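K.L.:
fold the following, please.
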Amino acid sequence: MPLHRTLIVSLAACVLLAGSAHAQYVGPTAGPAAPSSVAAILKNPVDDQAVVLRGHLLRKVGNEKYTFSDGTAEIRVDIDDKVFMNRKIDAKTRVEIRGEVEKDFMESPEIDVDVLTVVP
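P.N.:
Purely as a prediction, here's the structure:
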């Protein structure tokens, strides 16, 4: 095999081996536990932190804005109309919300809801 071809094959092998040696896990990692209550979120709001909460939507307070309570405290939630999917939900309906904490500078935290599920 000519020298330049040997060098190319050797270089390709090194690149392949180096790539596999630097593989990285990109799945979920163990970090701080997600807050388990509205009171915990309000005590230490972390922007973009994923949350799953169960409780009730108490009232509509604006365009796609509602007050949610899990019994520990109340927080404003933002729920797009498409997330509601034309379901009839009132203050007596128990729901699970999945979303992220939104904490903007100088504003009270709220939850941007991605999934709304009616639970028994």
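
K.L.:
contacts and neighbour counts: CA atoms only from here.
P.N.:
Fine.

K.L.:
okay, and the beta partners of the residue nearest the centre of the chain?
P.N.:
Nearest to the mean C-alpha position of the chain, counting by CA atoms, centre = their mean, stands A50 at 3.3 Å. Beta bridges link A50 to E100, judged by DSSP bridges.

K.L.:
please apply the same query to L116.
P.N.:
Counting by DSSP bridges, L116 is bridged to I97.

K.L.:
which residues touch A50?
P.N.:
A50 makes contacts with A34, R98, G99, E100, V101, as judged by CA atoms under 8 Å, 6 or more residues apart in numbering.

K.L.:
let me have those in CSV, adding pLDDT as columns.
P.N.:
Below are the contacts of A50 laid out as CSV (pLDDT from 0 to 100):
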residue, pLDDT
A34, 76
R98, 96
G99, 96
E100, 96
V101, 96
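
K.L.:
what's the first helix or strand after the lowest-mean-pLDDT helix or strand in the chain?
P.N.:
Within the chain, no helix or strand scores below helix 3-21, which has a mean of 53 by mean pLDDT, DSSP states H and E. On the C-terminal side of helix 3-21, the closest following helix or strand by DSSP states H and E is helix 38-43.

K.L.:
who are the packing partners of that next one?
P.N.:
On a contact count with 3 or more CA pairs under 8 Å, 6 or more residues apart in numbering; DSSP states H and E, helix 38-43 meets strand 74-79.

K.L.:
10 Å instead?
P.N.:
strand 50-62, strand 65-69, strand 74-79, strand 110-118 (3 or more CA pairs under 10 Å, 6 or more residues apart in numbering; DSSP states H and E).

K.L.:
give me the contacts around it.
P.N.:
34-35, 37, 45, 49, 51-55, 68-75, 101, 103, 108-111 (CA atoms under 10 Å, 6 or more residues apart in numbering).

K.L.:
just the buried residues out of these, in PyMOL syntax.
P.N.:
Listed next is the PyMOL selection for buried residues among the contacts of helix 38-43, using 16 or more other CA atoms under 10 Å:
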select buried, resi 35+37+45+49+51+52+53+54+55+68+69+70+74+75+101+103+109+110+111
